[in-house]
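Peer 1: what's the 3D shape of this:
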Amino acid sequence: MKKDFSIRKGVKKDIPDALRLIKELAVFEREPDAVITTEESMLKDGFGDKPIFEFYVAEINNEVVGLSLFYYRYSTWKGKVLYLEDLIVTESARGNGIGKTLFETTLHHAKKENCVRMTWQVLDWNTPAIEFYLQYGASMDGQWINGTLDINL
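Peer 2: Next up is the predicted model:
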């Protein structure tokens with residue numbers, strides 16, 4: 001049976017739940033020890049003098065069960081882009097349309113903010129997620145290689 005849920009803009013009090021969902025995603029993505037972000041750093045980075053991310057949460061019975069975390073970047077070829085960092089629905093709440101609604105809420109936000117594009121990454125073995133995004137007409141680019149350089153502070 002489908003459960004009723006609501007979507008709303010994330011606020012400071014949601015940070016512990018957001019971090020819990022991020023850690024759950026890390027386990028799913030086979031990187032359980034990779035999350036070094038803390039509640040304190042997320043509060044500073046999301047609600048400090050220069051917020052660098054925003055998010056929406058999904059709730060069932062006042063419990064946060066989903067997260068869409070995003071920020072803006074700039075494409076020198078295209079313009080303002082919304083980058084969807086994470087789209088997470090806790091395993092027990094999947095199948096209720098929460099991921100779809102979070103994605104569409106984020107897409108609507110990108111349009112409202114005059115973004116020309118919304119981008120994200122998905123692991124090549126995450127077939128359900130790839131099929132989900134393809135339903136929206138998304139293209140999956142196999143040409144670009146992601147570069148990462150960890151900076152030790």
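
Peer 1: neighbours of V89, just the number please.
Peer 2: 24 (other C-beta atoms under 10 Å). Where C-beta positions appear, they are placed from N, C-alpha and C, glycine not excepted.

Peer 1: whoops, I mixed them up, G97
Peer 2: Applying other C-beta under 10 Å, I find that G97 has 14 neighbouring residues.

Peer 1: So for it, what's the nearest residue that isn't a sequence neighbour?
Peer 2: Nearest non-adjacent residue to G97, counting by C-beta to C-beta, 6 or more residues apart in numbering: K2, 7.1 Å away.

Peer 1: ok, that neighbour to Y56 distance?
Peer 2: Per C-beta to C-beta, to the nearest Å, K2 is found 20 Å from Y56.

Peer 1: per-residue pLDDT, the residue nearest to G97?
Peer 2: K2 is assigned a predicted lDDT (pLDDT) of 78.

Peer 1: Surely it and A93 touch.
Peer 2: No: judged on C-beta atoms under 8 Å, K2 makes no contact with A93 at a distance of 10.4 Å.

Peer 1: CA atoms only for the longest strand along the chain, dumped as PDB, please.
Peer 2: Assignment by DSSP state E gives strand 63-75 as the longest strand of the chain. Extracted in PDB, the C-alpha atoms of strand 63-75 (Å, rounded to 0.1, in the frame of the first residue of the first chain):
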ATOM      1  CA  GLU A  63      10.000  11.300   9.500                       C
ATOM      2  CA  VAL A  64      12.500  12.300   6.800                       C
ATOM      3  CA  VAL A  65      12.700   9.500   4.300                       C
ATOM      4  CA  GLY A  66      14.100  11.200   1.200                       C
ATOM      5  CA  LEU A  67      16.500  13.900   0.200                       C
ATOM      6  CA  SER A  68      17.400  15.900  -2.900                       C
ATOM      7  CA  LEU A  69      20.600  17.900  -2.300                       C
ATOM      8  CA  PHE A  70      21.800  20.300  -5.000                       C
ATOM      9  CA  TYR A  71      23.900  23.400  -5.800                       C
ATOM     10  CA  TYR A  72      24.600  25.600  -8.800                       C
ATOM     11  CA  ARG A  73      27.500  25.500 -11.100                       C
ATOM     12  CA  TYR A  74      28.300  27.500 -14.200                       C
ATOM     13  CA  SER A  75      28.800  26.100 -17.700                       C
END
